[in-house]
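Student: Show me the folded form of this:
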Amino acid sequence: MILEIAILHIIQGKTAEFELAFAKAQEIISSMEGYLGHELQKCIEHNHQYILLVKWDTLENHTIGFRNSSEYQEWKVLLHHFYHPFPIVEHYQIV
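Tutor: Residues are numbered from 1 along each chain as shown. Below you'll find the predicted structure:
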């Protein structure tokens, strides 16, 4: 299992719109091959910051399968315009 972690900085004043868009976007990601689950959590100290945790069966399910899919293009249209700066995405595995 691979854990994808992204800290999302949302443009000030756009958090409500982001949350509505994410409700649609999560349907996209949850349908992808190798998807095992996700959580979106809002930061208490910085109300425009979120952390996205996505569990994948393999790294390639995310980096190749999802990112090279037509579904990812929909994901980008729904979400990418909310980020500033664009998030760094990292992957972790259990040791």
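Student: can you tell me which helix in this structure is longest?
Tutor: Longest helix in the chain by number of residues (criterion: DSSP state H): helix 15-29.
Student: Can you give me the buried ones in that one?
Tutor: 15, 18, 21-22, 25-26, 28-29 (16 or more other C-beta atoms under 10 Å). Using the backbone N, CA and C atoms, a C-beta is placed for each residue, glycine as well.
Student: can you give me the helices for the protein?
Tutor: With DSSP H as the criterion, the chain has helices spanning 15-29, 59-60, 70-79.
Student: Now for the residue nearest the centre of the chain: which residues touch it?
Tutor: The structure's the chain has its C-alpha centroid closest to L52; by C-alpha atoms, centre = their mean the separation is 5.1 Å. Shown in contact with L52 (C-beta atoms under 8 Å, 6 or more residues apart in numbering): 4-6, 8, 38-40, 87.
Student: re the thing from before, to I94, which of the helices of the chain lies closest?
Tutor: Across the helices of the chain, I94 has its closest neighbour in helix 59-60 (13.3 Å, C-beta to C-beta).
Student: Was I right to think Q93 contacts L3?
Tutor: Yes: here Q93 lies in contact with L3, judged by C-beta atoms under 8 Å, at a distance of 7.2 Å.
Student: And these two? Which one has more around it.
Tutor: L3 (15 against 8; other C-beta atoms under 10 Å).
Student: Could you report the neighbour count for the spatially closest residue to that one that is not a sequence neighbour?
Tutor: Using C-beta to C-beta, 6 or more residues apart in numbering and skipping residues adjacent in sequence, the residue nearest L3 is Y92, 4.5 Å away. Y92 is flanked by 11 other residues according to other C-beta under 10 Å.
Student: that older thread, put the buried members of the contacts of L52 into a ChimeraX selection.
Tutor: Here is the ChimeraX command that selects the buried residues among the contacts of L52 (16+ other C-beta under 10 Å):
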select :4,6,8,40,87
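Student: In the contacts of L52, find the pair that's most separated.
Tutor: So, the contacts of L52 by C-beta to C-beta: farthest apart are E39 and P87, at 15.2 Å.
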